[in-house]
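*Asks:* I'd like to go over a predicted model; first the sequence, then the structure.
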Amino acid sequence: MTIADGFKAAALLFVAAIAQVSIFSQLRVYGGVPQVVLVTLVGVALLRGAVAGAIAGFFAGLVVDTATLGQLGLTSLVLTVSGYWIGRYGETTGRDRGHAPFLSVAVVTFLYAFGILLVTFMLGERAPAGPEMRSLLPTIVMNLVLTAPVYALVRILLRPRERADYATEVQLLG
Amino acid sequence: MAVLGSSLQRSNPGPRPSRVRSALVRRIVLAVLVIVALALLTVSFRSPTSGYLHDAQSYGSDALRPFQVAAVRVARPFRDAYNYVDSLARAKSRNAKLEQMVRDYRGQALLNASAVQQNNDLKKLLQFEAGPTYPQDFRAVNTSVISFPSGSFTQQIVIDAGSSQGIHLNTPVVSADGLVGKVTQLGHTTSVVTLLTDPDSAVPARDLKTHVSGLIRHGQGGTLILDRVSKDQVVNKGDWIITRGTVDRRYPDEYPYGIPIGRVVAVGTSDIASFLTVQVQPVANLDSIDAVAALVPKHPRAKP
């Protein structure tokens, strides 16, 4: 990932995070909220890999937590792991697959909700799973609707890597 | 045999393959980021309202504020257009309803004006000492809502005013319609307001007509519950619920008396429940608030 790509990804995620807390969080449909920051992160991680995904997730989470004066580190933690996981998927199984962004968004929306719930519960805070699970399906649907335009925008700004940059073999470590 | 017996030095291992190195780097980056996130989480959890990290977060929030305000302004025309179309679709039926309400309230207003006059006269006679009353004794810090944290288990908004505008923790926040919540996190120029519908919110309230007191808590589907109302009390559908205000000076209430909270939409009871189930519809539209007013006392009283 070049420095220019880094700046582009940072700007994109910054805008997405601000839009998330200022605009999208208010659009509740059947309890679900579209998560544009998560969809943008999926785009960045799929196109630039696990390391960039993890760093992007951490940065986006930090912006969200700071803007909302929320529990600092909570969103960062979950988005870091999400970004890493999507990045790995993009580097290996998901490369060149047309359905990869949609599949990643659907799965990571579920994992993100579960992750936030788990960390909140572990902190001893109130974390009722019922409302979160009820709003999950509308959230996934809205995120999938956002996926195509957001991913297309991310693809324009961060052009897909050359084939040679991807992993070409699986190597056992040890 | 001679070959087998001779000592043979192993060749030095070459540099690690790039794939192994990149895997290592990847894992180190992930581990470092997770550790930093956990450290931030731990520190902010241990001191959520003070400390260096809270100050840094507050300054960060101040820095992000212009971007949030800009985003809200960009989105506003679209929201206004949607609201305009929505209100046009429902205008006719609402107009008839509002005309009926105006007729009812006109009669009510005359009675109220007479009662207020009588009340003031009696207070003067008794030399009655009261705490700050709403809205005369409060200065409204009018401000816009700049962000709406998502998540099903917190009901909060971030407003564009903080300690530099005279707001402090637990400052009550109202909209044009009624009570919205109170300030629970304070920054220099931004504050977090916990809404009435938050699971942690509890507001001492009373029925304006029957004077029954209770606690307003969150209910199902964006409604509220007037809790702790014993079965022998009377609460009627359509009654106004307002804030109760301070009853005992030793325990001053955070909300002044008389802020409208909502109207009773259902009253129920069951054999096993100790209290009535009073469902209240909030008057303030908590799902889409653009602007609010934080109520700062004009003459803050010393704590007893």
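*Replies:* Yep, that arrived.

*Asks:* Can you get me the start-to-end distance on stretch B:145-159?
*Replies:* End-to-end distance for stretch B:145-159: 4 Å, by CA to CA, to the nearest Å.

*Asks:* Please work out how many residues are found near residue 50.
*Replies:* No chain in the question, so chain A it is. Residue A:50 has 25 neighbours, counted by other CB atoms under 10 Å in any protein chain shown. (Glycine included, C-beta is placed from N, CA and C.)

*Asks:* could you do chain B instead?
*Replies:* 8.

*Asks:* quick one: is the helix ranked longest in chain A near chain B?
*Replies:* In chain A, assigned by DSSP state H, the helix with the most residues is helix A:36-67. Yes: interface with chain B: helix A:36-67 contributes A:50-51, A:54-55, A:57-58, A:61, A:63, A:65-67 (CB under 8 Å from any CB of the partner chain).

*Asks:* Now render those as JSON lines, adding distance to residue B:104 and pLDDT.
*Replies:* As requested, the residues of helix A:36-67 next to chain B are arranged in JSON lines below (distance: CB to CB, whole Å; pLDDT from 0 to 100):
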{"residue": "A:50", "distance to residue B:104": "65", "pLDDT": "90"}
{"residue": "A:51", "distance to residue B:104": "66", "pLDDT": "91"}
{"residue": "A:54", "distance to residue B:104": "61", "pLDDT": "94"}
{"residue": "A:55", "distance to residue B:104": "61", "pLDDT": "94"}
{"residue": "A:57", "distance to residue B:104": "55", "pLDDT": "94"}
{"residue": "A:58", "distance to residue B:104": "57", "pLDDT": "95"}
{"residue": "A:61", "distance to residue B:104": "51", "pLDDT": "93"}
{"residue": "A:63", "distance to residue B:104": "49", "pLDDT": "93"}
{"residue": "A:65", "distance to residue B:104": "48", "pLDDT": "89"}
{"residue": "A:66", "distance to residue B:104": "48", "pLDDT": "90"}
{"residue": "A:67", "distance to residue B:104": "44", "pLDDT": "88"}
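
*Asks:* quick one, phi/psi of the closest residue to residue A:141 other than its chain neighbours?
*Replies:* Closest residue in space to residue A:141, ignoring its immediate chain neighbours: residue A:32 at 7.2 Å, by CB to CB, 6 or more residues apart in numbering or on different chains. Note on residue A:32: its backbone torsions stand at phi -90, psi 150 [degrees, to the nearest 10].

*Asks:* sorry, back to before: would you format the residues of helix A:36-67 next to chain B as JSON lines with distance to residue A:121 included?
*Replies:* Output for these, formatted as JSON lines (distance: CB to CB, whole Å):
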{"residue": "A:50", "distance to residue A:121": "27"}
{"residue": "A:51", "distance to residue A:121": "29"}
{"residue": "A:54", "distance to residue A:121": "23"}
{"residue": "A:55", "distance to residue A:121": "27"}
{"residue": "A:57", "distance to residue A:121": "21"}
{"residue": "A:58", "distance to residue A:121": "22"}
{"residue": "A:61", "distance to residue A:121": "18"}
{"residue": "A:63", "distance to residue A:121": "24"}
{"residue": "A:65", "distance to residue A:121": "18"}
{"residue": "A:66", "distance to residue A:121": "23"}
{"residue": "A:67", "distance to residue A:121": "24"}
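
*Asks:* Report the buried members of those residues.
*Replies:* A:50-51, A:54-55, A:57-58, A:61, A:63, A:65-67 (16 or more other CB atoms under 10 Å in any protein chain shown).

*Asks:* wait, which of these is closest to residue A:83?
*Replies:* Distance to residue A:83 across these (CB to CB) is lowest for residue A:57, with 3.0 Å.

*Asks:* What does the pLDDT read for the residue nearest to residue A:155 when sequence neighbours are not counted?
*Replies:* Spatial nearest neighbour of residue A:155, chain neighbours left out: residue A:47 (6.7 Å); criterion: CB to CB, 6+ apart. Looking at residue A:47, its pLDDT reads 89.

*Asks:* for residue B:58, same thing?
*Replies:* Residue B:58 carries a pLDDT value of 85.

*Asks:* That one reaches residue B:187, doesn't it?
*Replies:* Yes: here residue B:58 reaches residue B:187: they are 3.9 Å apart, a contact under CB atoms under 8 Å.

*Asks:* When these two are compared, which one has more neighbours?
*Replies:* residue B:187 (24 against 21).
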